[in-house]
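J.: Here is a sequence together with a model predicted from it:
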Amino acid sequence: MPLNDNFFERVYHIARQIPYGKVTSYGAIAKVIGSPQSARMVGYAMNASHLQSDIPAHRVVNRNGLLTGKHHFDGTNLMQQLLESEGISVKDNKIVDFQSHFWQPDVNQL
DNA sequence: AAGGTGACCGGCC
DNA sequence: TGGCCGGCCACCT
C-alpha cells in the first residue's frame, strides 16, 4: 500500500486532490497517509510546498478551521483571499461553517 | 553530534 | 475556558 514511502510525497499526493472550494486539516492528511500523530510534519511539508506550484496549501487548515498557516503566504491575508475567491468565508482567521466545507481524504486516494 | 524548533493533535487535568 | 505533555520527524544550529 505505501506506494511512496516518502512522507512528503504522500502529503503532496493527497493535498493535490483537495477539490476547489473545499478544505481539509493537517491531522486528516496525517491520518490517511498512515501517520496519525504526524500532523506536525504535514504542516512542515506545507511549509516546503511553496517550491511546488501545484499544491493548494491554502486549503489546509488546523482542526478548528483556523488559518494557522497564513503567515507563510505573501502579504498579510493572501491565504484568506484565496479561500474567499473559492467561495469560503473567513472571519477572524477562521473558516465560517468549517464542517460543511470540510473534505475528508480517503485511503483509496493514496 | 546533540538539542531546539515547528503551518499539529488528542488526551488530560 | 485554558494550559501542559508526549508523540511525530525534517532541518538548522
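T.: Everything's here; your move.

J.: Contacts only, for the residue of chain A found nearest DNA strand C.
T.: Nearest to DNA strand C, among the residues of chain A, is A:Arg40, at 3.6 Å (C-beta to the nearest atom of the strand). Quick note: C-beta positions are derived from backbone N, CA and C, even for glycine. When contacts are counted by C-beta atoms under 8 Å, 6 or more residues apart in numbering, A:Arg40 touches A:Tyr26.

J.: Against A:Val32, how distant is the residue in chain A that DNA strand B sits nearest to?
T.: Going by C-beta to the nearest atom of the strand, DNA strand B is nearest to A:Gly69 of chain A, at 1.5 Å. Separation of A:Gly69 from A:Val32 (C-beta to C-beta, to the nearest Å): 19 Å.

J.: can you check A:Asp97 too?
T.: For A:Asp97 relative to A:Val32 (C-beta to C-beta), the value is 23 Å.

J.: re earlier: A:Gly69 and A:Val32: which has the busier surroundings?
T.: Between A:Gly69 and A:Val32, counting by other C-beta atoms under 10 Å, A:Val32 is the more crowded of the two (20 against 17).

J.: Not counting sequence-adjacent ones, nearest residue to the more buried one?
T.: A:Pro105 (4.4 Å; C-beta to C-beta, 6 or more residues apart in numbering).

J.: Next, the one you found: secondary structure please.
T.: Here A:Pro105 is recorded as coil under DSSP: H, G, I helix; E, B strand; the rest coil.

J.: Contacts only, for the nearest residue to A:Leu66 once chain neighbours are set aside.
T.: In this structure, A:Leu66 finds its nearest non-sequential neighbour in A:Lys94, 5.2 Å apart by C-beta to C-beta, 6+ apart. By C-beta under 8 Å, 6+ apart, A:Lys94 lies in contact with A:64-67.
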